[in-house]
Structure formats: structure tokens, C-alpha cells
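here is my input, please return the structure:
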Amino acid sequence: MTHSTPPDAEARQALRRAMLARRAALPPDEAARLGHAAQDALLASPAWQNARQVLLYVAVRNEAATARLLDAAWADGKQVLLPRCLTPAAAPGATGSASPAADCDNEMCLAPCACAADLKPGRYGIAEPDPARCPAIDMDAVPGLAPNFAPDLAVIPGVAFDRRGNRLGHGAGYYDRFLAHPAMVRTALVGLAYAFQIVPALPVAPWDRPVHALCTEEGLTWL
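Purely as a prediction, here's the structure:
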């Protein structure tokens, strides 16, 4: 997906800076308390309990935590998909790179991850599935020839969300490109955040795909 300059780019960037600063200033014990409550709200939902394949993320830099979700998913036998971002040097076609089905260039690839031991620091210092242990899933594989890519639930991070489910990310477009994939059409998308990250309205770009629900320490709300 090719992105041009989004509408109200200055407004989006100003809000991004303000929200990141507020999130960074959140005391660790408060972040833990709020994240715990938000995860409990999602864990209690039928959408979580009935999901067999879930897309999660590993929280970093005071994002809403996901450790309880990861542990619960692994304990319940759900298939957990986690993102991995690669440098161009590791992209398909580069010297010594993996096969095209295994990785991709400047995209958010997904890999099944069976436990915490499968994680290692990735491109941005974020814990990601180790390529040596967790080959990326082929989202475009012919059914029956590869593990099915059919996430029932995707937990999506964001810098801010609005009450219609629109999302403001970090600006790199990883999630925008990924969520546009046809395989995600039937996936329930849940934005996980702190309540202060929910704003009345966000400037919307043409490629934005809203989430179906927002989950904060105040509860899970379907939109």
C-alpha cells in the first residue's frame, strides 16, 4: 500500500507527540495497574474465550501491557501470532536471506509463537519471534498447503483511538498495510489502550481501517 501525505498531518503529529509524552510519563505502577485491568476485561469476553488464533503484540515503551494475554493464550492452547519487522538487509533477495515466504521487507510479518522462549530483540529493540525458531506465516498460501492464516481476534496497539474506532499509530504504516490484507476482513479488531488515549475524533486518512472494539481499564466496548 502506498501512502501519500495524510489529511491534517500536522494535527495528527501534534496529537501523536502529546499522547506519547503522556504515556511515557505514566508511573510504572500505574501503567501496570491500568494494563492489568484492561487485559482482564478482554480475557473475560466471549470474543477472547472463543478465539482459536489470535494476533497480539509485545508491549514496549509504556504501551498497554499484553503479558497476561500472551500467558493466557499459550496456556489455553491458542495459536499466537506476533509481528516481526525486518531491516532491508534481511529482506527476501538479499544475500543470505530467508525464503520469500519467510520474511518481508519493511512490512509487518507475522509468525506463530509458542512460548516466551521463542522471543528475541528485533529491529526496534522490541521482543519479536526469533526467525530461527518461528518462520513467518504465509498469509497468501493456498488453503491446505500451509498453516491457515485466519485470526479470529487481533489486539492492536495505538498511540490514540477515537470513539469510532479510528486509530493513530506511530506513523510508519506497518499496521495500516497489514490490516488492509484481505485475510483480515473477518478478524475482530480490538484496540488496546489506556482510557486517556481515547479521544472524541481523529483526523482520518483514506487507508485507515477502524477497530471494532476498544479495550481500556474502563472495560471492553464494541463500537
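
tell me which helix or strand in the chain has the weakest average pLDDT.
helix 174-179 (a mean of 80; mean pLDDT, DSSP states H and E).

partners of the helix or strand following that helix, with directions?
Once the chain leaves helix 174-179, the next helix or strand it forms, by DSSP states H and E, is strand 188-192. In its sheet, strand 188-192 lies beside strand 153-156 (parallel), strand 213-216 (parallel), with partners assigned from DSSP bridges.

can I get the ones you listed in a markdown table with mean neighbour count?
C-beta coordinates here come from the backbone N, C-alpha and C atoms, glycine included. Output for the strands paired with strand 188-192, formatted as a markdown table (neighbours: other CB atoms under 10 Å):
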| stretch | mean neighbour count |
| --- | --- |
| strand 153-156 | 25 |
| strand 213-216 | 24 |
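
nearest to Asn166, out of these?
Evaluated over the strands paired with strand 188-192, closeness to Asn166 peaks at strand 213-216, with 10.6 Å, by CB to CB.

circling back: could you dump the strands paired with strand 188-192 to CSV with mean pLDDT?
Formatted as CSV, the entries for the strands paired with strand 188-192 read as follows, by pLDDT from 0 to 100:
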stretch, mean pLDDT
strand 153-156, 97
strand 213-216, 98
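
as a markdown table, those strands with distance to Ala195 would be great.
Compiled in a markdown table, the strands paired with strand 188-192 are given as follows (distance: least, CB to CB, whole Å):
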| stretch | distance to Ala195 |
| --- | --- |
| strand 153-156 | 16 |
| strand 213-216 | 4 |
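
looking at those strands, spot the one closest to Pro28.
Ranking the strands paired with strand 188-192 by distance to Pro28, with CB to CB as the measure, places strand 213-216 first at 18.0 Å.

immediately after that closest one, which helix or strand?
Scanning onward from strand 213-216 (DSSP H and E), the first element met is strand 219-222.

list the buried residues for that following strand?
The neighbour-count check on strand 219-222 (16 or more other CB atoms under 10 Å) flags Leu220 as buried.

name the strands paired with that strand and say parallel or antiparallel.
So strand 219-222, judged by DSSP bridges, has these partners: strand 213-216 (antiparallel).

closest to the centroid, which residue in this protein?
The chain has Ile156 as the residue nearest its centroid, 3.8 Å off, counting by CA atoms, centre = their mean.

dig out what it forms beta bridges with.
Residues in a beta bridge with Ile156, per DSSP bridges, are Gly191.

this structure: strands as residue ranges?
Counting by DSSP state E, the chain has these strands, from start to end: 53-55, 79-85, 108-112, 119-121, 127-129, 153-156, 160-162, 167-168, 188-192, 198-199, 213-216, 219-222.

compare those and give me the one nearest Leu70.
Checking the strands of the chain against Leu70 by CB to CB gives strand 79-85 as the closest, at 6.6 Å.

so what does that closest one touch, helix or strand wise?
Helices and strands touching strand 79-85, by 3 or more CB pairs under 8 Å, 6 or more residues apart in numbering; DSSP states H and E, are strand 53-55, helix 67-75, strand 108-112, strand 127-129, helix 174-179.

with mean neighbour count added, can I get these in a markdown table?
Formatted as a markdown table, the helices and strands packed on strand 79-85 follow (neighbours: other CB under 10 Å):
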| stretch | mean neighbour count |
| --- | --- |
| strand 53-55 | 23 |
| helix 67-75 | 17 |
| strand 108-112 | 21 |
| strand 127-129 | 22 |
| helix 174-179 | 19 |
